[in-house]
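Participant: Sequence unavailable; structure follows:
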């Protein structure tokens, strides 16, 4: 889960923030948001592939994780961009909820695992988390179709690279949190990593 958050941020090249800036500065219906989202996925795909290869080299990822990782990174990248475009139209509550929904619903997976133990195993958990990302993305696309007319202008390659400074600022938020978990996952046994992650979550408010 930490690798998904880190690589979704890196492979997105700051695109969510660029989309927010550009979409909010122009009248609704100016931009072709479906094409921009598809272009974001195409632009990120080679970097996502590289991130997955790097993960397989550095970590002992089980078979379920090898399938989950590229799909979850790709879906999260598009979800972040679509939610930020939604927020640029003043739909801040929807944007915030959709961005946080997949991880928040992990609590539901815990309760479901008490009733159905197979769901508490890694394949079941990853399948559940992947489905929640897909549901959040589908909801975001439905809301965009409802609130934002489709225009004709598309993001250029130059505009996409304008996201690099925003990527750097966003990384300062993600790396001290998820980055430490990823580093710990490389050097600690699973039981020690679980204890470290639990302590890190408890200390986060402070």
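Facilitator: Perfect, I can see it now. Here the structure is a predicted model, which means the values were calculated and not measured.
Participant: which stretches of this protein have low pLDDT?
Facilitator: 205 (pLDDT under 70).
Participant: I'd like to know how far the most centrally placed residue in the chain sits from residue 42.
Facilitator: The residue lying closest to the centre of the chain (CA atoms, centre = their mean) is residue 76, at 3.1 Å. The gap separating residue 76 from residue 42 is 16 Å, by CB to CB, to the nearest Å. Using the backbone N, CA and C atoms, a C-beta is placed for each residue, glycine as well.
Participant: now do residue 89
Facilitator: Distance, residue 89 to residue 42, by CB to CB: 24 Å.
Participant: Who has more neighbours out of these two?
Facilitator: With neighbours defined as other CB atoms under 10 Å, residue 89 and residue 42 compare such that residue 89 has more, 18 against 9.
Participant: Next up, the contacts around that one.
Facilitator: 23-24, 28, 147-148 (CB atoms under 8 Å, 6 or more residues apart in numbering).
Participant: In helices, which of the residues you listed appear?
Facilitator: Judged by DSSP state H, the subset of the contacts of residue 89 located in helices is 23-24, 147.
Participant: Number of residues surrounding residue 54?
Facilitator: Residue 54 has 12 neighbours, counted by other CB under 10 Å.
Participant: And for residue 60?
Facilitator: 9.
Participant: My read is that residue 73 contacts residue 7, right?
Facilitator: Yes - using CB atoms under 8 Å, residue 73 is in contact with residue 7, at 4.9 Å.
Participant: who touches both of the two?
Facilitator: Common contacts of residue 73 and residue 7 (CB under 8 Å, 6+ apart): 48, 51-52.
Participant: helices or strands up against the helix or strand that contains residue 184?
Facilitator: Here residue 184 sits within helix 180-187, counting by DSSP states H and E. Applying 3 or more CB pairs under 8 Å, 6 or more residues apart in numbering; DSSP states H and E, we find helix 180-187 packed against helix 2-12, helix 190-203.
Participant: which of those helices sits most buried?
Facilitator: Highest mean neighbour count among the helices and strands packed on helix 180-187 (mean count of other CB atoms under 10 Å): helix 2-12, with a mean of 23.
Participant: which other helices and strands contact that one?
Facilitator: Applying 3+ CB pairs under 8 Å, 6+ apart, one finds that helix 2-12 contacts helix 33-58, helix 63-88, helix 164-174, helix 180-187.
Participant: between these, which one is nearest to residue 195?
Facilitator: Closest approach to residue 195 among the helices and strands packed on helix 2-12 (CB to CB): helix 180-187, 9.9 Å.
Participant: Quickly compare the helices and strands packed on helix 2-12 and say which is most buried.
Facilitator: Greatest burial across those, using mean count of other CB under 10 Å, falls to helix 63-88, with a mean of 22.
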